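Undergrad: Below is the sequence, then the predicted model.
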Amino acid sequence: GGSSDFSDDVVFWRTILDVLRPDLKIHFLARGGKPQLETRARDIIARDIGHALVAMDSDFDKLLGDKINDRRVLYTHGYSWENDIFPKPMLAILYAHKIRAASPPVAEASELSNKYDEISARMLWPVRADYYALVAKSSVLPRNAPGRVVSRCQTTGYPLILHAELRKLCRQANSDTKPRTLPNLPKLAEPMRYCAGKVYAHIMHLLVTGVLRAFSRNTSLALVHLIDLALLKMPEYLRRMGTDSVAAFHANQAARV
């Protein structure tokens, strides 16, 4: 995906396959958005082209049963590559790097984990609402303006989910779409897995810098730098956390290529 062969999503997939399939020689090319990639994937399958792969974001495809099931088609575990570079165990790795330690102190690691779980619980209904809106050709979570629904709490520094604004977006989505029968959404055990990627990355940035602030650490860390650091640390995460859901998913998928 993407428009540049050096974009973050290309770097993500190059890192995944370099680590998990070092035996393969792969040339990576950015080839547009999801519809274009799906068209290419179906063409590769129809023409039985053996030495081509297509890698793309999952979005809600798993929940909708819309994934293209073929060894040459690779998907992210979460909604997008942003979800996959910030799985919960990665936060401790990034935090440790920021404070120049081998691992976070116990209290700080616990705070990262607990706050992640709290935010995940608060994002459950917005993610469900976004799913139903997307099926109806709309959306609730603003991909290009995540700060509209998640801000930094002025008191604690932690992510603050703006439920009033989210309810406003829900009402707008309802008014913009025609009544229709929507597919049932099963209980989401991992709501953050399906949170729109740009919103998820924004939340993770506020979470990490919030914990840094809570423990009187240096909080100067821009989102773009956190993303760069996560991409840099992906090999460490894949090798150390092989049983974590994201790492295991990509290992299994890469093994089929």
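TA: Yep, that arrived.

Undergrad: ok, now which ones touch Lys62?
TA: Contact partners of Lys62, counting by C-beta atoms under 8 Å, 6 or more residues apart in numbering, are Tyr75. Every C-beta, even on glycine, is put in place using the N, C-alpha and C of the backbone.

Undergrad: For it, give me phi and psi.
TA: Main-chain dihedrals, Lys62, degrees, to the nearest 10: phi -60, psi -40.

Undergrad: any idea how far it lies from Tyr75?
TA: As for Lys62, its distance to Tyr75 is 8 Å (criterion: C-beta to C-beta, to the nearest Å).

Undergrad: And Lys67, by the same measure?
TA: 6 Å.

Undergrad: And Ile49, by the same measure?
TA: For Ile49 relative to Tyr75 (C-beta to C-beta), the value is 19 Å.

Undergrad: So between the two, which is more surrounded?
TA: Tyr75 (19 against 12; other C-beta atoms under 10 Å).

Undergrad: Nearest spatial neighbour of the more buried one, chain-adjacent residues omitted?
TA: Nearest non-adjacent residue to Tyr75, counting by C-beta to C-beta, 6 or more residues apart in numbering: Ser58, 4.5 Å away.

Undergrad: The one you found: what secondary structure?
TA: Classification of Ser58 using DSSP: H, G, I helix; E, B strand; the rest coil returns coil.

Undergrad: In this structure it contacts Trp81, no?
TA: No. Applying C-beta atoms under 8 Å, one finds Ser58 not in contact with Trp81, separated by 9.6 Å.

Undergrad: Which of those two has more residues huddled nearby?
TA: Shown here are Ser58 and Trp81; by other C-beta under 10 Å, Trp81 has more neighbours (28 against 24).

Undergrad: what sits against Arg217?
TA: 98-99, 211.

Undergrad: Select from these every entry located in strands.
TA: Taking DSSP state E, every one of the contacts of Arg217 sits outside strands.

Undergrad: Arg239: which of the residues you listed is nearest?
TA: Lys98 (20.1 Å; C-beta to C-beta).

Undergrad: any idea how far that closest one is from Leu229?
TA: From Lys98 to Leu229 the distance is 8 Å (C-beta to C-beta).

Undergrad: Same question for Phe6.
TA: Phe6 is 17 Å from Leu229, by C-beta to C-beta.

Undergrad: And those two? Which one has more around it.
TA: A side-by-side neighbour count of Phe6 and Leu229, using other C-beta under 10 Å, places Leu229 first with 18 against 10.

Undergrad: That one against Ile93, yeah?
TA: No. Leu229 is beyond contact range of Ile93, at 9.1 Å (criterion: C-beta under 8 Å).
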